[in-house]
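Novice: Give me the fold of what follows.
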Amino acid sequence: MSERRTYRRQRRGRRGAVVAIVATAVVLVGGATAAAAVAMAGGFAFAAGAAASPSATHSPAPAPSPTPHTAEQQLLMEAEDRNACVVSFAGDDVTSAPMLQPIGVLYAGLPIPAREGAVFAGWYTTPEDAAALAIPGRVNGSELVACTDHQVTLNAAWVTPEANAAENARIPILMYHQFTTNPAGEAGWLKGNYAYIADFDAHMNHIATTGFYLPTWDELSAFIDGRLYLPKHSVIVTDDDADQTWFDLAAPVVDKYKVLATSFMITAWRQDAAPNPYVLRRSHTHDMHRAGDNGKGRIVNLAPAEIAADMQTSAAILGVKEVMAYPFGHFNDTAKEGLRQAGFEMARTIEPGYVTIGTDKLALPTVRINYGMGLDALVNLIG
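Specialist: A predicted model of the protein is given here:
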């Protein structure tokens, strides 16, 4: 009996020793594992279960180099206004850098690239539109910026100089003045200046729905130089004087049909903001829309430096030069020189005609619209 009790005590002692040994092993291994985890977090790696040792360190693996940003991504990252599109340009011999354009305003400053032995024919939404010179797919400063995921690509088209000349485009610059809601027109000697607003609505609807291309002024300049192809079916809409009837009656029609129009403003008389995104404000001089000493407009009575000073004042108010309209249509070589000194490239007259390749940029002709000229009259003039 005493021998059995002695045997059980020995077995219990051996089991306790085994448990103690196993427990100690778990602690040691667990401790080594924890140390390894700490060492890994500190940038050191140990063999599994090995004791931590300062002599067993290795250099950390180098971090992978970040992928460089594309030019388009960099533009978006640096943009102060994230409500913008990165506009990229594609096509043969196109090297134009991407541009950042705010969404919901007119495209501005789109490049007009040059290529030896070719004439640039515009930017298009797809390569297929570019190949077909499809007017509905052509994009310029007459359209509001829109895009998907803040990016859009425009595709270049080119034509030969021979094809550009063969197009024989004659660009009409329509000239309106005041507007009336009276079908019978306004009384007085200026009756012809007042276009009936229903006629104007029909005119803009015709332009908007029959596939007309609406060139910007920089495009017209390049066209005159022979550097840009414009289709025959092109037209430019302008208004002289920025009369109140322009703001109240005509500008809403322009906005409704999304037709680009230029309002020539006498800045000494008014300095209103553009009434909608489709209206460009340009100069009708600052204070030269009145008679000079010889009864004609002041612009043909002043010296070039005086003309330049007046135009600089107007440009500072409007924030742009580019093109102006001569008051009363009066101009001469002195007036042209004053405009050159002020930095103006183009000027519209009241002389009847159409703009073609080689037209004098400081004597652009126009197509005058008078009271009583309905849709048929417009179609006869511009197609």
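
Novice: Not counting the helix or strand containing residue 89 itself, show me its contacts.
Specialist: In this assignment (DSSP states H and E), residue 89 forms part of strand 84-90. Contacts with strand 84-90, where a contact means CB atoms under 8 Å, 6 or more residues apart in numbering, come from 72, 75-76, 96, 98-103, 107, 110-111, 123, 127, 145-147, 150-156. Where C-beta positions appear, they are placed from N, C-alpha and C, glycine not excepted.

Novice: Next secondary structure after that strand?
Specialist: Downstream of strand 84-90 (by DSSP H and E), the next one is strand 99-102.

Novice: mind listing what's buried in whatever helix or strand comes next after that next one?
Specialist: Toward the C-terminus, strand 99-102 is succeeded by strand 119-124 as the next helix or strand (DSSP H and E). Using 16 or more other CB atoms under 10 Å as the test for burial, strand 119-124 gives 119, 120, 121, 122, 123, 124.

Novice: For these, give me JSON lines that also has pLDDT and distance to residue 375.
Specialist: Converted to JSON lines, these look like this (pLDDT from 0 to 100; distance: CB to CB, whole Å):
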{"residue": "119", "pLDDT": "98", "distance to residue 375": "33"}
{"residue": "120", "pLDDT": "98", "distance to residue 375": "33"}
{"residue": "121", "pLDDT": "98", "distance to residue 375": "30"}
{"residue": "122", "pLDDT": "98", "distance to residue 375": "28"}
{"residue": "123", "pLDDT": "98", "distance to residue 375": "31"}
{"residue": "124", "pLDDT": "98", "distance to residue 375": "30"}
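
Novice: for those residues, which one is nearest residue 213?
Specialist: Using CB to CB, residue 122 comes nearest to residue 213 of these, at 8.5 Å.

Novice: ok, the closest one touching residue 231?
Specialist: No - the pair residue 122 / residue 231 is not scored as a contact, 9.0 Å apart, by CB atoms under 8 Å.

Novice: tell me, what's touching these two both at once?
Specialist: residue 133.

Novice: excluding its backbone neighbours, what's nearest residue 72?
Specialist: Spatially, and ignoring its direct neighbours in sequence, residue 72 is nearest to residue 86 (4.3 Å; CB to CB, 6 or more residues apart in numbering).

Novice: where in the chain is pLDDT low?
Specialist: Within the chain, the stretches with pLDDT under 70 are 1-59, 66, 69, 77, 79-80.

Novice: got the phi/psi numbers for the residue minimising distance to the centre of it?
Specialist: The structure's the chain has its C-alpha centroid closest to residue 107; by CA atoms, centre = their mean the separation is 2.1 Å. Here is the backbone geometry of residue 107 (degrees, to the nearest 10): phi -50, psi 140.

Novice: ok, which stretches of the stretch 101-250 of the chain are helices?
Specialist: 127-132, 161-167, 197-209, 217-225, 244-245 (DSSP state H, counting those that start in this stretch).

Novice: Please identify the most buried of these.
Specialist: helix 217-225 (a mean of 20; mean count of other CB atoms under 10 Å).

Novice: just checking, what packs against that helix?
Specialist: Applying 3 or more CB pairs under 8 Å, 6 or more residues apart in numbering; DSSP states H and E, we find helix 217-225 packed against strand 346-352.

Novice: For the strand it packs on, buried residues please.
Specialist: 346, 347, 348, 349, 350.

Novice: quick one, that strand and helix 217-225 angle?
Specialist: 70 degrees (axes from the mean of the first three to the mean of the last three CA atoms, to 10 degrees).
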